[in-house]
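In: Sequence first, predicted coordinates after that:
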Amino acid sequence: MATESFFSNASLAYLASAGAGKDGKTYSIKPTDGSGDFTFSRGSNLAATRVGADGLIEKGRENLLLQSNQFDTSPWIQSLGASGGVISGQIGYDGTNDAWKINSKGALYPYVHQSVSQSGVHTFSVYAKRGDVDFIRLLVIGGSNPDARFDLFNGTAPFVSGGALYANIEPVGTGGWYRCSLAVNIVGSSYRIYPMVDTGTFAPIDEGIYVQNAQLEIGLAATDVISTGATTGKAGLLEDEPRFDYSGGATCPSLLLEPSRTNLFLISEPASADGTSPSSPSSYLGSLDWGIGNVYGGVQLDGGATTYHYGATVAVSTTYAISFFIRRTDSGVPIWATSSTSAAGDFMMYIGGAGVGIGDLDATPSITLFKNDVYKVEAIYTTPASVSSPVNTGILKTSANSANSVQATGFQFEVGTYPTSYIPNHSGTGSVTRGDDRPYLTLDLSSIAPKSAGTMYLEYDADVVDNGAYWVGLSTSSSSLTDWVFIGRDGASNRLYIRANGSAIDSTSIAHSTSGTQKLAIVWNESTGTAAFINGTKVDSTTGSFSFAGNFGHLNLGGSTASNPVSVVAPTKQLLIFPEALSDADCINITSL
């Protein structure tokens, strides 16, 4: 950390440990008027995740139903008979008067429904309580029309049909309320709620049930309520929200900046065979909550037989980063087998149609405790020049491996030489891509970083060993590099660089550490020259005058310019800019580890 005296003199102070931001913005601590806040963009979907302060994985979530608790309003449609309807103002599970009664009156098959087109794995849920009748039916139109019928009197396991992945009923508080949910993997078009007398009899005239807060969301489980109105509602980690990440048990967060990556595994949290790849696990784990955040489902592989789950395809002569979560049912440390005949190993991988033992990998895999007896596996594998067809890829346990049972979920296969953060994929039909993280500041920066003289300081986490680019770039515009100050990682080195009026003024590269914290500072003074510092050492300097062509107007955190994003994981800890050229002694002090 920089000392307090340095912080007080900074014109811009970005401290990731403050965890300050919102969707589309990450806040600097200084200046206090908001002029130093970064615009943040990543993409238009909810594919990104982070590890929160509680050590749990946080996803983005969305309720795809509109008017989620306004059952008398379009797009809800009632089919409840000539005089049937919904009645508001009922006492709900949360003690409010926000629940509804669905009353049948003469309809042969009474229901309310909403038309939504949704494919892949998704979950339909509603809070419900018995009224004049004891059962509720949730039905999704699509595929084989999966449905579930729930006993609201006894709360027993629901009756399920039509190819549903699973259904769940969970008591909520007091007063006889339950949350009923139905998970499917189809292209759904209509989501329906029926009052029923029992599993085979629909509600007769003047009888009904109580309901509250309907929800439709991607994934295997009904998560916390997201209220909607005329538009869908979102919660958790949003599309353009900065990721303050606490991976590895950190007590202070870093701003996680990653390049765009694609998860090739068709369903990362399986609840059944995805229909496109061989799947023969000992069992699927339904909506199992792993206790590591918003991650559910998975497969179990038992000893004594060859069991497997494949859900991705790979290309020849390509390097892949593999990651997933695994645990042994006896709470032991999972072991990647050396081969298909290794009795000491618990599992191996099947990649490109071939069994991959630990010795076949590019390097020894990392198997580290994540949370609650759940381990994260990370490995790198380059496929050979030819692969068998079909090119099935996933987890494998042979009959000769250990007798230990393992459970696995959160599968991710991505092209690259290192794994990135978890990218959920529930599509079942294709890959999912997370956009790159791009924080940038565009305005006249002359009061923050005057061109006449200044100092820029960067502190980042260097634990990722890939030789990619992670730069903090200060330039006259978002695309021009005529005038440019940047510091950060450039390939295998820390690099500090100044260009003025199209000419290189100072350029130094020093091999960076592959672990721990890196602290860099670069100083410029148009009248006297430049200096560069890394981890408490002065590594370069120039003398003489030079002149920037214009004022700085763009600051990009993670890439050289807005069009050149970060290409490696490099969590940012802090960035400071000073409107003066700090002395050598001050720069050595501020960059000392």
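Out: Right, received. Where do you want to start?
In: residue boundaries of the helices in this protein?
Out: For the chain, the helices defined by DSSP state H occupy 4-9, 584-591.
In: Just name the most buried of those.
Out: For these, the largest average neighbour count (mean count of other Cβ atoms under 10 Å) is found in helix 584-591, namely a mean of 18. Every C-beta, even on glycine, is put in place using the N, C-alpha and C of the backbone.
In: That one packs against which elements?
Out: helix 4-9, strand 453-461, strand 517-525, strand 529-534, strand 537-543 (3 or more Cβ pairs under 8 Å, 6 or more residues apart in numbering; DSSP states H and E).
In: possible to save these as TSV with mean pLDDT?
Out: What follows is the helices and strands packed on helix 584-591, written out as TSV (pLDDT from 0 to 100):
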stretch	mean pLDDT
helix 4-9	77
strand 453-461	92
strand 517-525	92
strand 529-534	94
strand 537-543	93
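In: Residue 184: which of the ones you listed is closest?
Out: With Cβ to Cβ as the criterion, residue 184 lies closest to strand 453-461 of the helices and strands packed on helix 584-591, at 40.7 Å.
In: Distance from stretch 517-525 to the middle of the chain?
Out: Stretch 517-525 sits 32 Å away from the centroid of its parent chain (Cα atoms, centre = their mean, to the nearest Å).
In: Same question for stretch 241-261.
Out: 10 Å.
In: for it, how far is the first residue from the last?
Out: End-to-end span of stretch 241-261 (Cα to Cα, to the nearest Å): 17 Å.
In: Buried residues of that stretch, list them for me.
Out: Judged by neighbour count using 16 or more other Cβ atoms under 10 Å, the buried positions of stretch 241-261 are 241-247, 250, 253-261.
In: How about the contacts made by residue 182?
Out: For residue 182, the contact set (Cβ atoms under 8 Å, 6 or more residues apart in numbering) comprises 123, 124, 125, 138, 140, 146, 147, 148, 160, 164, 167.
In: With the flanking residues excluded, which residue is spatially nearest to residue 392?
Out: In this structure, residue 392 finds its nearest non-sequential neighbour in residue 310, 3.9 Å apart by Cβ to Cβ, 6 or more residues apart in numbering.
In: Likewise for residue 570?
Out: Using Cβ to Cβ, 6+ apart and skipping residues adjacent in sequence, the residue nearest residue 570 is residue 470, 3.5 Å away.
In: burial measure for the one you found, as a count.
Out: Counted with other Cβ atoms under 10 Å, residues neighbouring residue 470 total 28.
In: Likewise for residue 23?
Out: 14.
In: need the contact list for it.
Out: By Cβ under 8 Å, 6+ apart, the neighbours of residue 23 are 238, 239, 240, 241.
In: pLDDT added to those residues, as CSV?
Out: Compiled in CSV, those are given as follows (pLDDT from 0 to 100):
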residue, pLDDT
238, 95
239, 93
240, 95
241, 95
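In: give me the low-pLDDT residue ranges for this protein?
Out: 1-5, 275-276, 463-467, 512-515, 560-563, 593 (pLDDT under 70).
In: Kindly report the domain assignment for it.
Out: 4-44+437-591, 77-231, 261-434 (automatic domain parsing).
In: Tell me which of the contacts of residue 182 fall in strands.
Out: In strands, defined here by DSSP state E, the members of the contacts of residue 182 are 123, 124, 125, 138, 140, 147, 148, 160, 167.
In: No further queries at this time; thank you.
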